[in-house]
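Novice: Task: produce atomic coordinates for the following.
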Amino acid sequence: MTRAVTPRTAPIRTTTVRLTLPVATLLLGALPLAAQQYSFGPANADFKPGFEGQTRADAPMDDTQVTPVAETVVDGLVHPWGIAVLPDDSYLVTERAGRLRRITAEGDLSEPITGVPEVVAEGQGGMLDVALAPDFAESRVVYLTYAKPMGDGLSATAAARAVLSEDMTSLTELADIFVQDPPSPTTKHYGSRIVPDGDHVWITTGEHSSMAERDNAQQLDMSYGKVIRVTPEGDAPDDNPFVSDEAAIDTIYTLGHRNIQGAALDPETGKLWTLEHGPKGGDELNLIEPGLNYGWPVVSYGIRYSGDPVGSGKARAEGFAEPRYYWDPVIAPGGFTFYEGDMFAGWEGDVIAASLNPGGLVRLQMNGTNVTGEARYLGDLGRVRDIEIAPDGAILALTDKENGALIRITPEG
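Specialist: From the prediction side, this is the model:
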């Protein structure tokens, strides 16, 4: 075991930021703190929202005395991607190069856990998400997603389940429960969040980005750009929306997604929500409903990086589900969760999301399925890839860098 955290006898390394980002400013001055508004900057596309509050929400009105403080638990992680909290308050963390590690709350970093699958650690591929089965304390089952080598330079988003040893050093009984079909020559847009709920396992995929492949997000005989729902063993549940369609892959739950890198269950309703990357603008927060088509690449609230329109050139059209919220400019979302805890007063039930660009955390104040406020925090953390909540209510964040870190975030004071 190696220690990689500041000794308790030394000053704790902290970063304190009050609603700031390195590439944008707050409109300060006469306004009281509760009414401060984030300056989003100019949009890339000239689209009007489909309904009030769908984008550029006002600052949360209860955000008066919250100053998040960041403490580095451990650094030296190589592009960490996913985190899961173990029952003993330690953490499983993936590194994209193909490693799974355990980190204690005190910052002890294990050697790589053995028994993980072989990965394609190229482009955006590698070892990606990790999650615990809801009955982990009894079953020891963990779930992983990764870029699976498929031969001839091809790869696919894959999800596997395995059993973690009692001493936390090895995986056994590794078995894939999903492999994206067909495999792709493009090492981008793997999606790859995994969310087990007990009866089902939700898996998100991307459409691999290339112009030749992105239309596959609309095809029901391909699992590109989809939300997948399987049983814990990898079978299609009988009530999946396309099980009676012989031309469709029966594990598909929704279609028309670009690259979903955030997924979480609403603890109040049990519904799945997702965060997906748009192109130049058009990142989306979506409420996932069975069988719906979320539009990519036919409609988008963003534009192509070249400045050309996406698909039809429209933001919305009949037959496509509207995002509950979108961003332009983007936040480049990673993982997210719904806040549960007492540490951040007034945040219960809000979305806490990772931002890769411009970076830091994004908080969305929620009222049912509507976003009623948006705030940004700790922009100087840079690329944040995943978010989790510690048992005491602290926010855990992974910074996606060559020298990445596990960060613990608490309110100042």
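
Novice: any idea which element residue 236 lies in?
Specialist: According to DSSP states H and E, residue 236 maps onto no helix or strand at all.

Novice: My read is that it contacts residue 244, right?
Specialist: No - with contact defined as CB atoms under 8 Å, residue 236 and residue 244 do not form a contacting pair (10.9 Å). Every residue, glycine included, has its C-beta placed from N, CA and C.

Novice: quick one: which of these two has more around it?
Specialist: Higher neighbour count among residue 236 and residue 244: residue 236, with 17 against 9, using other CB atoms under 10 Å.

Novice: For the more buried one, which residues are in contact?
Specialist: 229-230, 243, 250-251 (CB atoms under 8 Å, 6 or more residues apart in numbering).

Novice: Of those residues, keep whichever come out buried.
Specialist: 229-230, 250-251 (16 or more other CB atoms under 10 Å).

Novice: Find the least confident helix or strand in the protein, judged by mean pLDDT.
Specialist: strand 2-3 (a mean of 30; mean pLDDT, DSSP states H and E).

Novice: All the helices of the stretch 101-250 of the chain, in order from the start?
Specialist: For the stretch 101-250 of the chain, applying DSSP state H, counting those that start in this stretch gives helices covering 136-139.

Novice: Could I get the buried ones among the contacts of residue 236 in a markdown table, plus columns for pLDDT?
Specialist: As requested, these are arranged in a markdown table below (pLDDT from 0 to 100):
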| residue | pLDDT |
| --- | --- |
| 229 | 98 |
| 230 | 98 |
| 250 | 98 |
| 251 | 98 |
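
Novice: Mind checking which of those are in strands?
Specialist: 229-230 (DSSP state E).

Novice: Tabulate the buried ones among the contacts of residue 236 in JSON lines, adding columns for distance to residue 82.
Specialist: Putting the buried ones among the contacts of residue 236 into JSON lines (distance: CB to CB, whole Å) gives the following:
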{"residue": "229", "distance to residue 82": "19"}
{"residue": "230", "distance to residue 82": "18"}
{"residue": "250", "distance to residue 82": "27"}
{"residue": "251", "distance to residue 82": "21"}
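
Novice: quick revisit: which two in the contacts of residue 236 are spaced the farthest apart?
Specialist: Put simply, by CB to CB the two of these set farthest apart are 230 and 243, 11.7 Å from each other.

Novice: Who are the contact partners of residue 364?
Specialist: Residue 364 is in contact with 57, 285, 325, 350-351, 353, 371, 373-374, counting by CB under 8 Å, 6+ apart.

Novice: what's the pLDDT at the residue lying closest to it once chain neighbours are set aside?
Specialist: Closest residue in space to residue 364, ignoring its immediate chain neighbours: residue 351 at 4.0 Å, by CB to CB, 6 or more residues apart in numbering. As predicted, residue 351 sits at a pLDDT of 98.

Novice: partners of residue 351 in the sheet?
Specialist: residue 338, residue 364 (DSSP bridges).

Novice: can you list the weak-confidence ranges in this protein?
Specialist: 1-36, 62-65 (pLDDT under 70).

Novice: how many neighbours does the nearest residue to residue 38 once chain neighbours are set aside have?
Specialist: The shortest distance from residue 38 to any non-neighbouring residue, by CB to CB, 6+ apart, is to residue 376 (5.5 Å). Neighbour count of residue 376, defined by other CB under 10 Å: 23.

Novice: in its sheet, what does the helix or strand harbouring residue 376 sit against?
Specialist: Per DSSP H and E, residue 376 falls inside strand 370-377. Sheet pairing of strand 370-377 (DSSP bridges) gives strand 360-367 (antiparallel).

Novice: Next, the buried residues of the strand it pairs with.
Specialist: 360-366.

Novice: can you give me the strands in the stretch 251-400 of the chain?
Specialist: 252-254, 260-265, 272-276, 283-287, 325-327, 333-338, 351-355, 360-367, 370-377, 384-389, 395-399 (DSSP state E, counting those that start in this stretch).

Novice: okay if I get those strands as JSON lines plus distance to residue 70?
Specialist: Output for the strands of the stretch 251-400 of the chain, formatted as JSON lines (distance: least, CB to CB, whole Å):
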{"stretch": "strand 252-254", "distance to residue 70": "35"}
{"stretch": "strand 260-265", "distance to residue 70": "20"}
{"stretch": "strand 272-276", "distance to residue 70": "21"}
{"stretch": "strand 283-287", "distance to residue 70": "23"}
{"stretch": "strand 325-327", "distance to residue 70": "23"}
{"stretch": "strand 333-338", "distance to residue 70": "16"}
{"stretch": "strand 351-355", "distance to residue 70": "13"}
{"stretch": "strand 360-367", "distance to residue 70": "9"}
{"stretch": "strand 370-377", "distance to residue 70": "9"}
{"stretch": "strand 384-389", "distance to residue 70": "10"}
{"stretch": "strand 395-399", "distance to residue 70": "8"}
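
Novice: Check the burial of the nearest residue to residue 193 once chain neighbours are set aside by counting its neighbours.
Specialist: Setting aside the residues directly before and after it, residue 193 is nearest to residue 263 in space (CB to CB, 6+ apart), at 3.9 Å. Using other CB under 10 Å, residue 263 is surrounded by 26 other residues.

Novice: do residue 182 as well
Specialist: Residue 182, neighbours per other CB under 10 Å, totals 13.

Novice: Identify the residues contacting the nearest residue to it once chain neighbours are set aside.
Specialist: Nearest residue to residue 182, sequence neighbours excluded (CB to CB, 6+ apart): residue 222, at 6.5 Å. Residue 222 makes contacts with 181-182, 216, 249, as judged by CB under 8 Å, 6+ apart.

Novice: what does residue 253 give?
Specialist: Taking CB under 8 Å, 6+ apart as the test, what residue 253 contacts is 202, 226-229, 240-241, 288, 290-291.

Novice: what's the answer for residue 369, then?
Specialist: Neighbour list for residue 369: 287, 324 [criterion: CB under 8 Å, 6+ apart].

Novice: Thanks a lot, catch you later.
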